[in-house]
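Peer 1: the following comprises the amino acid sequence and a computationally predicted model.
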Amino acid sequence: MMDKLIAIMGDTKKIVGNIATTAAGPSGELPLTSEMLLNSASGDLFGLSQNVGMGWESSKLTGRQILILGTSGGIKDENEKPIALGYHTGHWEISNLMKAAAEEINHFGNISFAGFVSDPCDGRTQGTKGMFDSLPYRNDAAMVYRRLIRSLPMREAVIGVATCDKGLPAMMMAVASMHDLPGVVIPGGVTLPPTVGEDAGKIQTIGARYSTGELSLKEAAELGCRACATPGGGCQFLGTAASAQVVSEALGMSLPHAALSPSGQPIWEEMARQSARAVMSAAADGITMKDILTDGAIRNAMVVHAAFGGSTNLLLHIPAIAHAAGLRIPDVSDWIEINRKVPRLVSALPNGPLDHPTVRVFLAGGVPEVMLHLRDLGLLDEEVLTISGERLKDVLDWWENSERRQLVRQQLVEKDGVDPQDVIMGPERAKSYGMTSTITFPTGNIAPEGAVVKSTSIEASMLDEHGIYRHKGKVKIFTSEKQAIKAIKVGDIVAGDIMALIGCGPSGTGMEETYQLTSALKHLSFGKYVTLITDARFSGVSTGACIGHVGPEALADGPVGKLRDGDVVEVIIDCHKLEASVNFVGEKDHECGRETGAELLKQRSPHPDLAPHADLPDDTKLWAALQAASGGTWKGSIYDSERIVELLKKGIDQEQKELIK
């Protein structure tokens, strides 16, 4: 009966050994003064004891305390081999960046601290219940980061090291909220694509392509094995992870030419040391986050996002960063204005037309190279301050004539035979390739509050001579992503279909990301002829006529939740004027106008199968309620504490009045 326990506990004599009950403790003495003992908080004094207790030399306790926070995940041995895996490659090498930054801090006589809050992988949770925690995790992580920063009372600066879809936005939110502290964000970089094989976006469709006979079992197995060609960094496309890196640099929170650096390589590791020097300099000069993050910086980030063709998920993250910084939250009209003014200039995965991986965008010049073109167009606020300590104008002047710019662009030509101007293009060259502005915001009787489509990624062959995508047809309704992907795999979705996935907004699934669907439609031969409409959101690598963020969500009595199989829906997307509509225009064979359609939807009850997912976690239900009270997804799914407290107080007061009655 005891055999299992004995096996687990092992050899008692060997394990117990000679247990020490006291230790000599660190040598030396703390650098205390009479003033410190009289006036310092006990925590500040005990902190010094803790520092030497962890092995820090007592003679080196007088430098600045600088906190490094990272999303590092997994456990490696001394040879960088895995002992325990992380959730994704993006945070697998983050500890190396943290170490390099810490060594630089220590070299200058300062004291580095480190804390870790790892992050999940949206790719790993696609199509699973793990996705119910994806977007809510961002707010939780940002909250923990803020608590860690505040819980080191003597810190004088903070460094955030992060890469991927939720960890990096959470880190930016946390650092942005430290208004009176210097801060810098070190982007974790990108993984390299395989010499022969598929990128990490396309590889996520092997199940759908195998199911429809477009890929063999052997091909799927071999391609899947090599998609992440190097062990660290975010995926090789301009999805949410890469877009967030770009935004961090555009905000001035990261150093110039930091975003999209190839993980594990010398230029990547040196970026950590450069960033450590920058934040130490900012601390010495009294430059804090409120000096760097301004309304102009937020607008610059939106402009650069549009020029890159960035992920629609940043429509959730940039407003959240603005809120954390105490700035005005951009609204839909701001996004529309910027996307109409800003041409897309970057040709990369997933948008094309030339599918370059993100490392080539870095070698072509990355964010500062794109900014040179935007400056020529008069679209940037060049007076904003960056963490380098220089105004953006001076940063771009340096970049334009820098040896670094010349050398990285030269390597792109020599190693890949690619002209940098075919990756980051001037406006006229981009126009000649048929590249259109990034995002369009459809409205209509199905989405009266609005919706989002990355219109620039709709295949050119699907547009008419005026750049307009039109699709009218009978809709097929799905109330779970599982139903929808099964329909694609078994052949129930064909060219010409319109799919509506409802009940997958914040209240239904935590606003899950539905890349499993959008990637299948992108990489199946008939997929470009299918339109998808949903109150869920999409991965940044999604392309095609995929309309998400539909508001109000179905479970908030949104009209999209009242659609039925066979209803006639009309979608019109003008990819040049960035105008779009999505409307219910009839029941099966009886069509009507948009206004009549709106009235018919009002009269209907919600779809009979519409309900929150049965396994939606309580944590996510709470997140959905709090973000709804704070303005919902169009405000960035934030927690507006003042608004939440106000609503709770009203509810409590009303309950007390009812009790008195």
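Peer 2: Alright, I've got the coordinates. Numbers count the residues shown, from 1 in each chain.
Peer 1: give me the mean pLDDT for stretch 429-448.
Peer 2: Averaged over stretch 429-448, pLDDT sits at 95.
Peer 1: so for that stretch, what gets flagged as buried?
Peer 2: Residues 430, 435-448 are the ones in stretch 429-448 that count as buried (16 or more other Cβ atoms under 10 Å). Just so you know, the C-beta spots here come from the backbone N, C-alpha and C atoms, and that holds for glycine as well.
Peer 1: phi, psi of residue 579?
Peer 2: Torsion angles at residue 579 (phi, psi; degrees, to the nearest 10) stand at phi -120, psi 140.
Peer 1: quick one on the thing from earlier: the buried residues of stretch 429-448: which two are farthest apart?
Peer 2: Maximum pairwise distance among the buried residues of stretch 429-448 (Cβ to Cβ): 34.6 Å, between 430 and 445.
Peer 1: and the buried residues of stretch 429-448, which of them are in helices?
Peer 2: residue 430 (DSSP state H).
Peer 1: just name the closest of the buried residues of stretch 429-448 to residue 324, please.
Peer 2: residue 439 (22.4 Å).
Peer 1: now the closest one, nearest residue through space, not along the chain?
Peer 2: Spatial nearest neighbour of residue 439, chain neighbours left out: residue 339 (4.9 Å); criterion: Cβ to Cβ, 6 or more residues apart in numbering.
Peer 1: can you check residue 551 too?
Peer 2: Leaving aside its chain neighbours, residue 551 sits nearest to residue 449 (3.3 Å; criterion: Cβ to Cβ, 6+ apart).
Peer 1: and the longest strand that the chain contains, which strands flank it?
Peer 2: What stands out as the longest strand in the chain, according to DSSP state E, is strand 468-478. Strand 468-478 has the following strand partners under DSSP bridges: strand 498-501 (parallel), strand 567-574 (antiparallel).
Peer 1: so which of these is the most packed in?
Peer 2: strand 498-501 (a mean of 25; mean count of other Cβ atoms under 10 Å).
Peer 1: just list what the helix or strand just after it packs against, helices and strands only.
Peer 2: Per DSSP states H and E, strand 498-501 leads on to helix 506-509 as the next helix or strand towards the C-terminus. If you count contacts as 3 or more Cβ pairs under 8 Å, 6 or more residues apart in numbering; DSSP states H and E, helix 506-509 packs onto helix 618-629.
Peer 1: buried sites along the helix it packs on?
Peer 2: 620-621, 623-624, 626-629.
Peer 1: closest to residue 104 out of those residues?
Peer 2: For those, the closest approach to residue 104 (Cβ to Cβ) belongs to residue 623, at 37.2 Å.
Peer 1: grab the nearest non-local neighbour of the closest one.
Peer 2: residue 136 (3.8 Å).
Peer 1: could you check the pLDDT of that neighbour?
Peer 2: Reading off the confidence values, residue 136 has pLDDT 97.
Peer 1: how many neighbours does it have?
Peer 2: 23 (other Cβ atoms under 10 Å).
Peer 1: against which helices or strands is the helix or strand where it lies packed?
Peer 2: Element membership of residue 136, judged by DSSP H and E, is helix 134-150. Counting contacts by 3+ Cβ pairs under 8 Å, 6+ apart, helix 134-150 packs against strand 65-70, strand 155-162, helix 167-176, helix 314-324, helix 618-629.
Peer 1: buried residues in that helix?
Peer 2: Buried positions in helix 134-150, judged by neighbour count with 16+ other Cβ under 10 Å: 134-143, 145-146, 148-149.
Peer 1: dump the C-alpha coordinates for stretch 548-568 into CSV.
Peer 2: Coordinates of each C-alpha in stretch 548-568 appear next as CSV, following Å, rounded to 0.1, in the frame of the first residue of the first chain:
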residue,chain,number,x,y,z
GLY,A,548,-15.0,41.5,-36.7
HIS,A,549,-15.6,43.5,-33.5
VAL,A,550,-19.3,43.8,-34.6
GLY,A,551,-21.1,46.0,-32.1
PRO,A,552,-23.2,45.6,-30.2
GLU,A,553,-22.2,42.0,-29.6
ALA,A,554,-24.9,39.4,-30.1
LEU,A,555,-25.3,38.8,-26.3
ALA,A,556,-25.8,42.5,-25.7
ASP,A,557,-28.9,42.3,-27.9
GLY,A,558,-26.9,43.2,-31.0
PRO,A,559,-28.7,42.8,-34.3
VAL,A,560,-26.0,40.3,-35.4
GLY,A,561,-27.4,37.9,-32.9
LYS,A,562,-30.8,37.9,-34.5
LEU,A,563,-29.7,36.6,-37.9
ARG,A,564,-30.9,33.2,-39.1
ASP,A,565,-29.7,30.7,-41.6
GLY,A,566,-30.7,31.8,-45.1
ASP,A,567,-31.1,35.5,-44.4
VAL,A,568,-29.8,37.7,-47.2
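Peer 1: buried residues, it. List them.
Peer 2: Buried residues in stretch 548-568, counting neighbours by 16+ other Cβ under 10 Å, are found at 548-556, 558-563, 567-568.
Peer 1: cool, and stretch 38-47?
Peer 2: Using 16+ other Cβ under 10 Å as the test for burial, stretch 38-47 gives 40, 47.
Peer 1: show me where the stretch 151-300 of the chain has strands.
Peer 2: In the stretch 151-300 of the chain, the segments counted as strands under DSSP state E, counting those that start in this stretch are 155-162, 183-187.
Peer 1: what of the stretch 501-650 of the chain?
Peer 2: Using DSSP E, counting those that start in this stretch, strands in the stretch 501-650 of the chain cover 531-534, 546-551, 567-574, 579-587, 590-591.
Peer 1: helices along the stretch 1-150 of the chain, start to end?
Peer 2: Remark: helices assigned in the stretch 1-150 of the chain by DSSP state H, counting those that start in this stretch are 3-9, 12-16, 34-39, 42-53, 94-107, 122-125, 134-150.
Peer 1: lowest average pLDDT across these?
Peer 2: Comparing mean pLDDT across these, the weakest is helix 12-16, with a mean of 85.
Peer 1: touching that helix from outside, list them.
Peer 2: With contacts defined as Cβ atoms under 8 Å, 6 or more residues apart in numbering, helix 12-16 is touched by residue 9.
Peer 1: just list the residues touching residue 156, thanks.
Peer 2: Counted by Cβ under 8 Å, 6+ apart, residue 156 has contacts 64-66, 181-182, 283.
Peer 1: ok now stretch 243-259, how far from the chain's centre?
Peer 2: 13 Å (Cα atoms, centre = their mean, to the nearest Å).
Peer 1: report the mean per-residue pLDDT for that stretch.
Peer 2: Per-residue pLDDT over stretch 243-259 has a mean of 98.
Peer 1: and for stretch 644-657?
Peer 2: For stretch 644-657, mean pLDDT is 88.
Peer 1: cool, stretch 516-534 as well?
Peer 2: For stretch 516-534, mean pLDDT rounds to 90.
Peer 1: ends of it, what's the gap?
Peer 2: Using Cα to Cα, to the nearest Å, the end-to-end distance of stretch 516-534 comes out at 13 Å.
Peer 1: ditto for stretch 257-275
Peer 2: Using Cα to Cα, the end-to-end distance of stretch 257-275 comes to 11 Å.
Peer 1: equivalent analysis for stretch 183-202, please.
Peer 2: Start-to-end span of stretch 183-202 (Cα to Cα) is 36 Å.
Peer 1: give me the distance from that stretch to the chain's centre.
Peer 2: 14 Å.
Peer 1: may I see the buried residues of that stretch?
Peer 2: For stretch 183-202, burial by neighbour count (16+ other Cβ under 10 Å) applies to 183-194, 197-202.
Peer 1: cool, stretch 92-111 as well?
Peer 2: Judged by neighbour count (16+ other Cβ under 10 Å), stretch 92-111 contains these buried residues: 92-102, 104-106, 110-111.
Peer 1: local confidence estimate at residue 540?
Peer 2: We have a pLDDT of 67 for residue 540.
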